[in-house]
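Chemist: I'll drop the sequence and a predicted model, then ask my questions.
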There are 2 protein chains.
Amino acid sequence: MAEGSSGKVGRVLVVAGTHGNERNGVHLLEHWRQGRENLATAGLSVAFSLGNPGAIAACRRYLERDLNRSFTPELLEGALHQEEEVRRARELLAAWGPEGVTPCRVALDLHSTTAAMGSCLVVYGRRPADLALAAGVQGRLGLPIYLHEGDASQCGYLAERWPCGLAIEVGPVPQGVVNATICRQTQLALETALAVLAEARQGACPLPRNLVIHHHLRSLDLPRNDEGIPIARVHPLRQDRDWQPMTPGDPLFETTGGTTLHWKPAQGDPAMVWPVFINEAAYEEKGIALSLTERKTWPADAGWGSALVALMQGTAPRTQ
Amino acid sequence: MAEGSSGKVGRVLVVAGTHGNERNGVHLLEHWRQGRENLATAGLSVAFSLGNPGAIAACRRYLERDLNRSFTPELLEGALHQEEEVRRARELLAAWGPEGVTPCRVALDLHSTTAAMGSCLVVYGRRPADLALAAGVQGRLGLPIYLHEGDASQCGYLAERWPCGLAIEVGPVPQGVVNATICRQTQLALETALAVLAEARQGACPLPRNLVIHHHLRSLDLPRNDEGIPIARVHPLRQDRDWQPMTPGDPLFETTGGTTLHWKPAQGDPAMVWPVFINEAAYEEKGIALSLTERKTWPADAGWGSALVALMQGTAPRTQ
C-alpha cells in the first residue's frame, strides 16, 4: 500500500489481477508499490491491492469461479458459498470496502482483454458518480465507454460494491503476456481517472457537453452443433473490429467450411449495432463470441459532477 | 481418424492440441475429421490425433508437465515418471508411433504462438528427411524455418520421435482464441507439407537451390530482481519484430521505470541475431523472453530428398 499525506477522505482503491492471467496491471502494480513517484496520483490517497493472488500465482483467470462475477449480495452474504473467489471477494471488501478496515470510496479495477478494444472504460449501471468519472476521462482522453447493465447472466462485478468504481480495460493482449504498450495505455488511463477524482476532491468536476456511451444490448454465441461444438468462428472481416458499427447483412461468422454467415438482427434490435469484446478468450466458456451495444450520446448532467464531488469530499453517504 | 485408400506406406500423423490452450489446430482437426473433402491430403493416408485431450478440456497448456517436452528417452522409458503428459506421450507413440498399432512415418504437429511469428516451421535437429520436407515447404510458400537443436534445457519434442516430423507454428494469436485467419494460415501450411510428402511418395522431391534457416543460438530471460520478479518488459520497438535482425545497441527491454535497455552481445555471439518467439506467453515460466537465432543459407543437399523419398516409399529403415 502506498498512501499520500492527505488523510482518508476520498481514498481510492486500485486493483490489478482480479483475473490472474491479465498480467499488465499486476506488473504495473508491483512497480507502483515500489515508490510514490512511479504513479501520478494527483495528491490522492491511493491503496493498491492484487485482486486474486491465488489465480495470479497460477496464471489463470480464476481458481474456482470468476472473481469479477462474485460480488453479488447473494454470494457475499450466503454462508453456502465457500469458493476461493467468494472468500476473496469478502476479504477485499473487509479490507478496502466502504465499511472496511481502510475504507475506500472509489475502486478502479485494471483489466486487459484479448479483443481489440484499445483503451476503454467499463461502467456498471448508471450511478451518477460513475458517469461523472467516466465523462471526465472521456473528456480528457476520448476513450469509449461500455455501459454494462441489465444482463442477469453477467453480474457481480467488483467495482459495483464501492460507492464509485469502474474497470479500465485495455487490449488486445494475450493472456499471460506483459506488453509495454498495453502497460503505458493502462497507466495513462488510470492517471487520468485519478486526476478527475482529485479535481472532484477539490470541488470541481468539469464535464464535457456530452457523454458517448456504448450501451450493452445482449451477447451472441458462436453457432454450435448438437454436441455444443462451435461450427463457425468470428469472420475475418469482423475480428478486431470492436467499436465499429455492424448493419444487417454484414459478415459476422465464418463456418469451418468457409461459408460466411451474415448478421441478422433479432426483433427489437436497432438498425445498427456496435460489437465489443469480439473473440475475447475468456468468454468462450461463457458462451459469448461478442457483445452487441448501441451507441448513444447523452447530454452530461450537472448532477453527476455534484455526486462525485460529494463523494470525494466526504459529504455524501458512504453507502451506495 | 480419416484415412485414404492408399494403404499404410508413408502414413502421416497430424496432431493438434499438443498444448491444450492452442485452439486453432484443435478447431481445424474437428472439422477435418468430419469429411475427407475438408483437407487436401494429396492422396496421402492421414491420421488425426488430439495431442493432449485433458489439457484441451481444461484449456491449459498442460496439466502436469509440457507434453511437447516429454518425449525424451529418459522420460518415456523411466518407470519413475508417471505424470499425465508422460503417460500421454507413451500412449501417442503406442498408437501412432513408427512401431505403433497404426504406424506413421511422419508427424506434423500444429501449434500456435502469442508471438508475431507469422506462419513458420520448427525443425528439430538436422535429419535429412526433415530438412527435405522443410525445404519443400519453403520452396512453395517461403516460410521461415526455426532450426532448434543443441539446447539441453529445451528438448523432448513430439516430432523428434517419428522418423520425420516438424511443427507448424502460427501466430500471433492469444491462448484460448480461435482466429479465422490463423486457421487459414495453418491449413495452408499443412496442405503444403502434405503435398511435398505426397510428391516424395511418388518418388520426386524437388528442392529449392538453397534452404534459409534461423539457427537457434540461445534464449534470453527478462532482467529480474533478487526475488525473481521481472524489472523490465520487452521493448515496444522489439515487440512483434520476430525474424527481424537485431544488432548491438538496438532496444531490447524497457524497465518498469521506462529506461531502455540495449542489446549487448555475449562473447561468441554473431554480429547480427534474429530474435524469435518474442514474448510468447507460455515461455515466461521457462524464463524465456525471446530466443536468438542466426540466419544461415545452406545449399540444399540432394541427399535430403532421397531420404524423404525412401521414407515415404517404405524403403528406408523404420527407426531413426
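Modeler: Cool, got the structure.
Chemist: which stretches of chain A have low pLDDT?
Modeler: A:1-10, A:317-320 (pLDDT under 70).
Chemist: do that again at 80, thanks
Modeler: Scanning chain A with the threshold set as pLDDT under 80 gives A:1-10, A:79, A:316-320.
Chemist: ok, the residue nearest to the spatial centre of it to A:L311 distance?
Modeler: Note on chain A: the residue nearest the mean C-alpha position is A:A167, at 2.6 Å, using CA atoms, centre = their mean. Separation of A:A167 from A:L311 (CB to CB, to the nearest Å): 18 Å. C-beta here means a position set from N, CA and C on the backbone, and glycine is covered the same way.
Chemist: How about A:V26?
Modeler: Counting by CB to CB, the gap from A:V26 to A:L311 is 28 Å.
Chemist: can you give me the strands in the stretch 101-250 of chain A?
Modeler: With DSSP state E, counting those that start in this stretch as the criterion, the stretch 101-250 of chain A has strands at A:106-112, A:118-124, A:145-148, A:164-171, A:210-220, A:232-234.
Chemist: if we can go back for a sec, between A:V26 and A:L311, which is the more surrounded one?
Modeler: A:L311 (27 against 24; other CB atoms under 10 Å in any protein chain shown).
Chemist: Would you verify that that one is located in a helix?
Modeler: Yes - counting by DSSP: H, G, I helix; E, B strand; the rest coil, A:L311 is found in a helix.
Chemist: how close does it sit to A:G305?
Modeler: On the measure of CB to CB, A:L311 and A:G305 end up 11 Å apart.
Chemist: okay, stretch A:253-273 in CSV with CA atoms only?
Modeler: This file holds the C-alpha atoms of stretch A:253-273, laid out as CSV (Å, rounded to 0.1, in the frame of the first residue of the first chain):
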residue,chain,number,x,y,z
PHE,A,253,-19.2,-15.6,-38.6
GLU,A,254,-17.4,-18.0,-41.0
THR,A,255,-18.2,-21.7,-40.9
THR,A,256,-15.4,-24.2,-40.6
GLY,A,257,-16.2,-24.9,-44.3
GLY,A,258,-15.6,-21.3,-45.2
THR,A,259,-19.2,-20.1,-45.7
THR,A,260,-19.9,-16.5,-44.5
LEU,A,261,-22.8,-16.1,-42.0
HIS,A,262,-24.2,-12.6,-42.1
TRP,A,263,-25.6,-10.5,-39.3
LYS,A,264,-29.4,-10.8,-38.9
PRO,A,265,-30.9,-8.7,-36.2
ALA,A,266,-33.5,-10.1,-33.9
GLN,A,267,-36.8,-8.5,-33.2
GLY,A,268,-36.2,-5.3,-31.2
ASP,A,269,-32.5,-4.9,-32.3
PRO,A,270,-31.7,-1.4,-33.5
ALA,A,271,-30.7,-0.9,-37.2
MET,A,272,-27.1,-0.5,-36.3
VAL,A,273,-25.1,-2.2,-33.5
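Chemist: From the chain's centroid, how far away is it?
Modeler: Computed by CA atoms, centre = their mean, to the nearest Å, the chain-centroid distance of stretch A:253-273 equals 26 Å.
Chemist: Can you list the buried residues in that stretch?
Modeler: With burial defined by 16 or more other CB atoms under 10 Å in any protein chain shown, the residues of stretch A:253-273 counted as buried are A:253-254, A:256, A:263, A:273.
Chemist: Kindly report the same for stretch A:185-200.
Modeler: A:185-190, A:192-200.
Chemist: which one of those is nearest B:P208?
Modeler: A:Q185 (43.0 Å; CB to CB).
Chemist: how about the closest one, what does it touch?
Modeler: A:118-119, A:170 (CB atoms under 8 Å, 6 or more residues apart in numbering or on different chains).
Chemist: Would you format those residues as TSV with distance to chain B and neighbour count included?
Modeler: As requested, the contacts of A:Q185 are exported to TSV (distance: CB to the nearest CB, whole Å; neighbours: other CB atoms under 10 Å in any protein chain shown):
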residue	distance to chain B	neighbour count
A:G118	16	15
A:S119	15	20
A:V170	14	27
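Chemist: and which of the residues you listed is nearest to A:S291?
Modeler: A:G118 (15.6 Å).
Chemist: Just list whatever residues bridge to that closest one.
Modeler: Assessed by DSSP bridges, A:G118 has beta-bridge partners A:G171.
Chemist: quick one on the thing from earlier: among the buried residues of stretch A:185-200, which are in helices?
Modeler: A:185-190, A:192-200 (DSSP state H).
Chemist: The helix or strand hosting A:G25 - contacts with which helices or strands?
Modeler: Per DSSP states H and E: A:G25 is located in helix A:23-34. In terms of contacts (3 or more CB pairs under 8 Å, 6 or more residues apart in numbering or on different chains; DSSP states H and E), helix A:23-34 is packed against strand A:12-16, strand A:46-50, strand A:106-112, helix A:180-201.
Chemist: Would you mind measuring from the residue lying closest to A:A16 once chain neighbours are set aside to chain B?
Modeler: Distances taken as CB to CB, 6 or more residues apart in numbering or on different chains put A:G25 closest to A:A16, at 3.1 Å, once the chain neighbours are dropped. Here the criterion is CB to the nearest CB, to the nearest Å. By it, A:G25 lies 13 Å from chain B.
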